[in-house]
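Enquirer: My questions concern the predicted model and sequence given below.
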Amino acid sequence: MSQRIALVAAGAVLTAVGGILALGGGTVVAVTGTDGTTSSGHETISSTTRALVSDQGDIDEGGIGVVADPSIEIAVRGSDKPVFVGVGPTAAVDRYLAGASVETITDFEVRPFELTTTVRDGSARLGSPSDESFWVAEADGRSAADATWKIRDGSYRIVVMNADGSPGISVDGEFGMHVPRLTAIATTALAGGLILVVSGIVLIVAGARSTDTPAPQEPVSPYVAVRI
């Protein structure tokens with residue numbers, strides 16, 4: 001392989017890899033901002049049941065928790081009743097809500113905001129959720145409740161209720177994810193990607209301008225040896 005081809009090929013590889021890193025890092029910074037938080041924004045959610053519950057979430061952190069230490073932030077604002085928000089192990093939440101009317105969120109869209117839910121009818125009455133001890137994160141208040149939970153391995157549900165367990169929920173809610181180290185990681189990827197792109201372009205330009213030096217040839221003798 002000639003020197004020109006080698007330089008251009010190496011430059012193309014660096015430019016491609018750097019472009020991917022820069023694009024990924026830039027996208028993350030654009031979405032999460034400088035504090036590593038992405039949010040659904042404030043949206044009105046309501047239910048005629050006793051609990052509005054997220055679908056079962058099975059979490060396997062792998063190495064993400066060690067590197068990024070992510071957390072979930074849930075904020076709800078009630079209109080006319082004290083409100084409660086909590087995160088609990090799926091099995092414990094299901095036992096607590098057994099027999100009661102529940103609306104489960106099976107899917108959602110952020111823009112435009114839209115929830116897909118299923119409703120389970122039930123006649124069981126529920127005590128105050130704050131009296132339960134299984135919550136890994138919880139908050140309640142006369143008009144507002146804000147809960148933060150550091151993500152851990154396992155199966156969990158997010159629950160929004162009236163603080164007294166009564167039916168008829170109407171709140172202004174916001175869901176967000178905070179990854180404190182994400183901005184630093186994304187910024188590093190962005191900077192490293194740009195450096196690789198610049199380095200790749202330099203190699204491509206150098207390859208385009210280079211001239212391969214032909215291999216030296218042995219001089220041809222003007223004399224011819226003749227054997228008799």
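Expert: Perfect, thanks for sending it.
Enquirer: Given the host helix or strand of Thr116, what are its sheet partners and their directions?
Expert: Here Thr116, judged by DSSP states H and E, is contained in strand 114-120. Paired strands of strand 114-120, with direction, are strand 102-109 (antiparallel) (DSSP bridges).
Enquirer: I'd like to check which residues are in contact with Thr116.
Expert: Ile105, Thr106, Asp107, Phe108 (Cβ atoms under 8 Å, 6 or more residues apart in numbering). For glycine as for every other residue, the C-beta is placed from the backbone atoms N, C-alpha and C.
Enquirer: which residues in the chain form strands?
Expert: 37-39, 43-47, 51-54, 57-59, 71-78, 83-89, 102-109, 114-120, 137-141, 144-150, 154-162, 169-178 (DSSP state E).
Enquirer: Take those and lay them out in CSV including distance to Gly127 and mean pLDDT.
Expert: CSV is the format used below for the strands of the chain (distance: least, Cβ to Cβ, whole Å; pLDDT from 0 to 100):
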stretch, distance to Gly127, mean pLDDT
strand 37-39, 32, 63
strand 43-47, 19, 85
strand 51-54, 12, 92
strand 57-59, 24, 74
strand 71-78, 19, 84
strand 83-89, 11, 93
strand 102-109, 15, 86
strand 114-120, 19, 87
strand 137-141, 13, 93
strand 144-150, 17, 88
strand 154-162, 11, 92
strand 169-178, 16, 81
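Enquirer: So which of those strands is nearest Ser130?
Expert: strand 137-141 (5.1 Å; Cβ to Cβ).
Enquirer: And that closest one, what does it pack against?
Expert: Contacts defined by 3 or more Cβ pairs under 8 Å, 6 or more residues apart in numbering; DSSP states H and E place strand 137-141 against strand 83-89, strand 144-150.
Enquirer: closest to Gln56 out of those?
Expert: Closest among those, once you apply Cβ to Cβ, is strand 83-89, at 10.3 Å.
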